[in-house]
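> This is a predicted model, with the sequence first.
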Amino acid sequence: MKKSFFLFLFIIVIALAGFLYFVAYIPAMKIKAKGNAVLSAARDMKQVFSKNDIDLLNSKMKGFVQTYTDFENESKTVYWASFIPYVADFKRGVEAGSYVIKAGEDAIAAITPYADLIGFKKGQSSFVEKSTEGRLQTAILTLDKVLGKIDSISDNIKIAGEKIDQIDPHRYPEKIGKTEVMSQITNIKDQFTGMASLFVDAKPLLKNIPTIFGAKKEKTYLLLFQNDKERRATGGFLTAYAVFKMKNGKITIDRSDDIYALDATINDRPKVPSEILTYHKGVNTFWIRDSNLSPDLVKSVEIFNSLYKKSGARVNYDGIIFLDSKILVDMLTIFGDTQANGVNFSAEINKNCNCPQVLWKLFNIVGEEVGYQKENRKGILGSLMYELFYKAIGFSPSKYWGTLVQMMFRNLEEKHILLYFTDAEIQQSIEKLNFAGRIREYNGDFLHVNNVNFAGAKSNLFVTETITSHSTDEGGKLKREVTVEYKNPAPASNCNRNQERILCLNAILRNWVRVYVPAGSKLVEFKGSTKPVKTYDELGKTVFEGFLEVPTEGLAKIVVTYTLPEKIQSQNYKLYVQKQPGVISQKLKVDLNGKVLYNGDQVKDVEIKN
């Protein structure tokens, strides 16, 4: 009897092993082989993209599609086991890849007829033989054709994102041996869903690009330059402005001047805001140059407009583009030295300020109000931007346009470019993309530290900031201590207006600071403020406000302690840290109950999860 039982058991084990071998092991090995072929083909595609050759790209894309189809067909042999969560996740991932490839095919098909316009070589290109102005006009007038498949591309990307979003990383082990598993799946999922969401949100903007560039009717824009070395709420002190028009891609500058000239055209001024009377030094007039008081750009534009509408130089505009100094430096780095109004500008470091030469020149020309006419002061910034713009489109697209687009996108992400449009649909798209400088809504913990330099010269050129957040769970309620440390290692400039002096760059930083946290947070203590601390609700957040001075060759800090609303718990904790526009980089360290969640440089908004 026992022998019969063991014989039966042996047969069952052998049969099961054989079953697993044929229905699991062999298919898995075949799938792995096909998957390795896809990875190899993907690496080839990456190299092809870098060559900017549309014919080669089309050829390689056909091969890549076939390779992926073979992989997908092989993968279908295990879909019968989708009742197993891991197999179901694998199926979702493969199907998501298929939709991404469909989006890629549509994109390549859309750009192929106009490849030379966007930097892909396509036989003998007539585009590069056109005049600089003709190139831009040709590009703008054909953009609607290039974007013809944007809906199908967006739909495929959206479906792929939805499939990836269904994958649950928490069902996987943290590690297999020394290999991180759960964290890698989480990172891949977050990156993909983030990019998919970005593309879907960008669709309305992309479809409106021809309109923005004046393809249908002439558009008028304001260009406002923010000097980030004199930090203000939206990124920097409003130093200069320009009015330019676009029609079918042709750009004309109507007016370009420093901000003081614009202020001189306003006679009837609103009441001076209490913030200026409280924190500014010796300012009893509400100047348009001080109007970007709110960290929310739309709110600051409303304040700006309350003054601008009273200006004799006012124009009806379709949008405002806010730029800070990093844009100028980045463009000069790409295109090299550029002349405007007879002045040479460069990205090379100037020893007088240990900063790019373009900043030193602009500080001298438009950096501050004086009682005499400075040479080349009038219109210098608009002229420089005009020269850089036409330098960009004057080159063959394959040479610089890819680099330029990447640089612009990076600066939009990092908030060195902020956009505002009067068209509600375009503005909504800009806000979804986080290019509009708005204080973000967030379902979780939130932190934004906003610094305003009131009469502290250009000291933000020298001051560094470190933000440290310690959170602890005290009986089910989170308590946080936020420390912001400011260091200025540089000596003071001679800023005495009554003496002969060099340019006043470094002085005591007179810093109005606001800490934006989740609504309902309760202040426990605010150390380091030299003026009375204020607590109030604004922009959907609770705000803790103070003021401090940072000495030259010295440091100062604030320490803000508060409790978070009960809905924010340490379990499934997530924090959104919104960077202030104009900040190139700041140190950020975040820990929760002693566990370090983030420790590094912050160059853009970051979402941190436990």
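Cool, the structure landed.

> Got the domain ranges for this structure?
Listed by automatic domain parsing, the domain ranges of the chain are 19-207, 219-432, 445-609.

> a markdown table for these, including mean neighbour count?
C-betas here are computed from N, CA, C, even on glycine. Shown next, in a markdown table, are these (neighbours: other Cβ atoms under 10 Å):
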| stretch | mean neighbour count |
| --- | --- |
| domain 19-207 | 16 |
| domain 219-432 | 18 |
| domain 445-609 | 17 |
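
> What pairs with the helix or strand harbouring Arg480, parallel or antiparallel?
Arg480 belongs to strand 477-488 when assigned by DSSP states H and E. Applying DSSP bridges to the sheet, strand 477-488 is found paired with strand 464-474 (antiparallel), strand 554-563 (antiparallel).

> Tell me which stretches of the stretch 501-610 of the chain form strands.
509-518, 522-527, 534-538, 541-550, 554-563, 574-577, 586-592, 595-602, 606-609 (DSSP state E, counting those that start in this stretch).

> So which of these is nearest Ser82?
For Ser82, the closest of those is strand 606-609, at 28.5 Å, according to Cβ to Cβ.

> Enumerate the beta-bridge partners assigned to the residue lying closest to Val560 once chain neighbours are set aside.
Spatially, and ignoring its direct neighbours in sequence, Val560 is nearest to Val482 (4.7 Å; Cβ to Cβ, 6 or more residues apart in numbering). Going by DSSP bridges, Val482 is paired in beta bridges with Ser469, Val560.

> Dump the strands of the stretch 501-610 of the chain into a markdown table; add distance to Tyr442 and mean pLDDT as well.
Output for the strands of the stretch 501-610 of the chain, formatted as a markdown table (distance: least, Cβ to Cβ, whole Å; pLDDT from 0 to 100):
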| stretch | distance to Tyr442 | mean pLDDT |
| --- | --- | --- |
| strand 509-518 | 8 | 98 |
| strand 522-527 | 19 | 98 |
| strand 534-538 | 15 | 98 |
| strand 541-550 | 10 | 98 |
| strand 554-563 | 17 | 98 |
| strand 574-577 | 4 | 97 |
| strand 586-592 | 15 | 97 |
| strand 595-602 | 16 | 96 |
| strand 606-609 | 8 | 94 |
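
> of all these, which lies closest to Tyr486?
strand 541-550 (4.4 Å).

> strands paired with the closest one, and their directions?
As assigned by DSSP bridges, strand 541-550 forms pairs with strand 509-518 (antiparallel), strand 534-538 (antiparallel).

> would JSON lines of those with distance to Pro565 be doable?
Supplementary listing: the strands paired with strand 541-550 in JSON lines, determined by distance: least, Cβ to Cβ, whole Å:
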{"stretch": "strand 509-518", "distance to Pro565": "6"}
{"stretch": "strand 534-538", "distance to Pro565": "12"}
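
> picking that back up, which of the strands paired with strand 477-488 sits closest to Gln586?
strand 464-474 (4.6 Å).

> just for the stretch 251-400 of the chain, where's the confidence low?
For the stretch 251-400 of the chain, the stretches flagged by pLDDT under 70 are 366-379, 393-400.

> repeat that for 80
365-382, 389-400 (pLDDT under 80).

> so where do the strands sit in it?
Using DSSP E, counting those that start in this stretch, strands in the stretch 251-400 of the chain cover 319-324, 338-340, 343-345, 349-350, 355-356.

> what packs against the last one?
Using 3 or more Cβ pairs under 8 Å, 6 or more residues apart in numbering; DSSP states H and E as the contact criterion, the neighbours of strand 355-356 among helices and strands are helix 325-335, strand 349-350.

> what's in contact with it?
Applying Cβ atoms under 8 Å, 6 or more residues apart in numbering, the external contacts of strand 355-356 come out as 229, 325, 328-329, 332, 346-350, 461.

> Quick one: distance of that strand to the chain centre.
From the chain centre to the centre of strand 355-356 is a distance of 23 Å (Cα atoms, centre = their mean, to the nearest Å).

> Now do the contacts for Ser98.
68, 72.

> nope, Leu147 is what I was after
110, 206-207, 209-210.

> do Ile349 as well
355-357.

> of all those, which comes closest to Ile426?
Pro356 (32.3 Å).

> Quick check: bridge partners of that closest one?
Ile349.

> Look up how far Ile327 lies from it.
12 Å (Cβ to Cβ, to the nearest Å).

> show me the contacts for the residue nearest to the spatial centre of the chain.
Centroid check for the chain by Cα atoms, centre = their mean gives Glu413 as the closest residue, at 0.8 Å. By Cβ under 8 Å, 6+ apart, the contact list for Glu413 reads 434, 604.

> The one 3 residues further on too?
The neighbours of His416, taking Cβ under 8 Å, 6+ apart as the test, are 228, 235, 323-324, 326-327, 581-582, 584.

> Kindly recompute the last result at 7 Å.
Neighbouring residues of His416 by Cβ atoms under 7 Å, 6 or more residues apart in numbering: 324, 326-327.

> likewise Lys557?
Lys557 is in contact with 483-486, 528, counting by Cβ under 7 Å, 6+ apart.

> Confirm Phe225 sits in a strand?
Yes: under DSSP: H, G, I helix; E, B strand; the rest coil, Phe225 sits within a strand.

> Next one: it from Asp324, what distance?
7 Å.

> next one: Leu307
21 Å.

> cool, Asn434 as well?
In terms of Cβ to Cβ, Asn434 sits 17 Å off from Asp324.
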